[in-house]
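Peer 1: I would like the atomic coordinates for the input below:
(one chain, ligands or ions: 2)
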Amino acid sequence: MRKKSEAENMMRQLSASLSEISLTKGFENLSAPTEEEEAARKAAEEEQAARKDAEEKILAMRRTAEAIAAGKMTEAEAAARRAMEEEQAARRKAEEEEASRQKAEEEETARKKEAARMKAEEEEAARKKAEEQAAARRKAAEARKRAEEEETARKREMEEAARLMAKYGGEVDIVAMKAQFAKADLNQDGVLSIEEMAAFLRKGDPSMTDDEVRLLFDKADKNNDGTMSFEEFVAFIHSPPS
Ligand SMILES: [Ca+2]
Ligand SMILES: [Ca+2]
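Peer 2: Ligands and ions are numbered 1, 2, ... in the order given. Have a look, this model is predicted:
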């Protein structure tokens, strides 16, 4: 009985061992895939890779589409921005041109103003110069006339002196008479009025009346022009009317 049991036990042990081996081997068998399993696995991997590729392609396409869309939008925006920038640039240029034009206009106005001012100054200077020249000419003409008059007066005096010298010989001191006459000629007009004559006569005779002065004066005034010339004066002093 014992042997049978022992055998049975051994069988059981062996069976268990075998079973264990088998199990282990079975596990080994499971962990080492079969060709079918390998093929299936490969197929699954390939399918997964293909799906992944497709997904990536779709994603890339979507990205491309988005990029295109984004690109189009950017381009539209860029076009709008470019147009806006061009408009701004054109406006800026127009403003610059307008500013430049205004500046040129202002400069031209200032230049014209300055030119007008300078011209006015030149005209004023020319006018003043012409005035000064005219004044100088007038002054020179006056001086010439005065010199001529003085020369004429000098000649006249010399002629008068010569005439008186011829008339009265050496008896008349022409220079002394001239000095007396000049003293009597209070207003220095070259002749003696009756008032001047009265004053002159009354130095010698303060009691002389107006009538007496008148009488003497009328007699001395040979040419009856109402004044006494130097010649009439000399004749009066040299040969007083009786
Ligand atoms: Ca006088
Ligand atoms: Ca006279």
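Peer 1: Residues of this protein that sit close to ligand 1?
Peer 2: Residues of the chain found near ligand 1 (C-beta under 5 Å from the ion) are 185, 187, 189, 196. Quick note: C-beta positions are derived from backbone N, CA and C, even for glycine.
Peer 1: SS state for the third one?
Peer 2: What that stands for is Asp189. Assigned by DSSP: H, G, I helix; E, B strand; the rest coil, the conformation of Asp189 is coil.
Peer 1: Quick one, grab the pLDDT at it.
Peer 2: In this model, Asp189 is scored at 95, pLDDT.
Peer 1: any idea how far Glu56 is from Arg62?
Peer 2: Arg62 sits 10 Å away from Glu56, taking C-beta to C-beta, to the nearest Å as the criterion.
Peer 1: same deal with Lys119?
Peer 2: Separation of Lys119 from Glu56 (C-beta to C-beta) stands at 88 Å.
Peer 1: What is the neighbour count of the residue nearest to Ser229 when sequence neighbours are not counted?
Peer 2: For Ser229, ignoring the flanking residues on the chain, the nearest one in space by C-beta to C-beta, 6 or more residues apart in numbering is Val191 at 5.6 Å. By other C-beta atoms under 10 Å, the residues close to Val191 number 17.
Peer 1: Return the residues in contact with Val191.
Peer 2: Listed by C-beta atoms under 8 Å, 6 or more residues apart in numbering, the contact set of Val191 reads 185, 227-230.
Peer 1: Contact residues of the chain facing ligand 2?
Peer 2: Contact residues, the chain versus ligand 2 (C-beta under 5 Å from the ion): 221, 223, 225, 232.
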